[in-house]
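Engineer: Okay, predicted coordinates and the sequence, questions at the end:
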Amino acid sequence: YGYMDENGEYTGFDLELAEAVCELEGWELVKKPINWDSKDMELNSGSIDCIWNGFTMNGREDAYTWSDPYMDNSQVFVVAADSGISTLADLAGKVVEVQTDSSAEAALKDNQELSSSFGTLQTVADYNTAFMDLEMGAVDAIAMDVIVAGYQIEQREDGDNYVILEETLAAEEYGIGFKKGNEALRDKVQTTLEEMAADGTMAEISNKWFGRDVTVIGK
């Protein structure tokens, strides 16, 4: 949703969406990486105006003034197409990999009944490594965000070799978090997002990054 590219520029779906909002509002966008543990201090001090980068609303509903959710992002499992795995029950005794400190890892910790059925649950630093492990047969499944899973599969030449299980691990919503009480800025951004949804701009940006429209505003 936001990362530094090979040219040292911050880019990604969320940042391009933010750029479009700022352009329509006549604002200058400042992309500021922060220490995640300091996000509330940064927001409350005014050094940033919002948190907008795959920011999960669930469990934080009362901590910020939120935009409406603009994306649903379930946690799912990716398996090899020829694995014979089609349900969560089929993961019993299997080797499952998840990215360290990800939402999927947190969801698995909350679902001990499922995770305890695995033969092994192991962590990995990034999803590129996870897909290499899956390709080599070192693991049987990857637990991850459905949006990221779709993107990874779409970008891979061997993408037809992977499938996303229909049963989900957990569901979450992404929103834009503003300082508690800053309804004025939230309302401006929300109105612009709704306009972008209506005129197709949001769908266009989503299709560029994910190959489909994953947004939920106006739907």
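Structural biologist: Great, that's in hand.

Engineer: Could you find the residue nearest the spatial middle of the chain?
Structural biologist: In the chain, the centroid-proximal residue (C-alpha atoms, centre = their mean) is residue 54; its distance is 4.9 Å.

Engineer: OK, contacts around that one?
Structural biologist: 1-2, 14, 73, 174 (C-beta atoms under 8 Å, 6 or more residues apart in numbering). For the C-beta atoms, the positions are set from N, CA and C on the backbone; glycine is no exception.

Engineer: Which members of these are classed as buried?
Structural biologist: Among the contacts of residue 54, those buried by neighbour count (16 or more other C-beta atoms under 10 Å) are 1-2, 14, 73, 174.

Engineer: For residue 208, which non-adjacent residue is closest in space?
Structural biologist: Sequence neighbours aside, residue 16 is the residue nearest to residue 208 in space, at 7.6 Å (criterion: C-beta to C-beta, 6 or more residues apart in numbering).

Engineer: Sorry, slip of the keys, the one I care about is residue 3.
Structural biologist: residue 12 (5.3 Å).

Engineer: what's the burial count for the one you found?
Structural biologist: 17 (other C-beta atoms under 10 Å).

Engineer: Residue 214 too?
Structural biologist: 21.

Engineer: Please tell me how far it sits from residue 129.
Structural biologist: Between residue 214 and residue 129 the computed distance is 24 Å (C-beta to C-beta, to the nearest Å).

Engineer: starting at the chain centroid, how far to stretch 171-178?
Structural biologist: Taking C-alpha atoms, centre = their mean, to the nearest Å, one finds the center of stretch 171-178 at 10 Å from the center of the full chain.

Engineer: repeat for stretch 197-217
Structural biologist: How far stretch 197-217 lies from its chain's middle: 15 Å, per C-alpha atoms, centre = their mean.

Engineer: likewise stretch 34-46?
Structural biologist: 20 Å.

Engineer: Also stretch 170-181?
Structural biologist: So, by C-alpha atoms, centre = their mean, the centroid of stretch 170-181 is 12 Å from its chain's centroid.

Engineer: Need the contact partners of it.
Structural biologist: Contact with stretch 170-181 is made by 1, 43-44, 46, 49-52, 54-58, 60, 63-75, 103-104, 107, 110-111, 185-186, 189, as judged by C-beta under 8 Å, 6+ apart.
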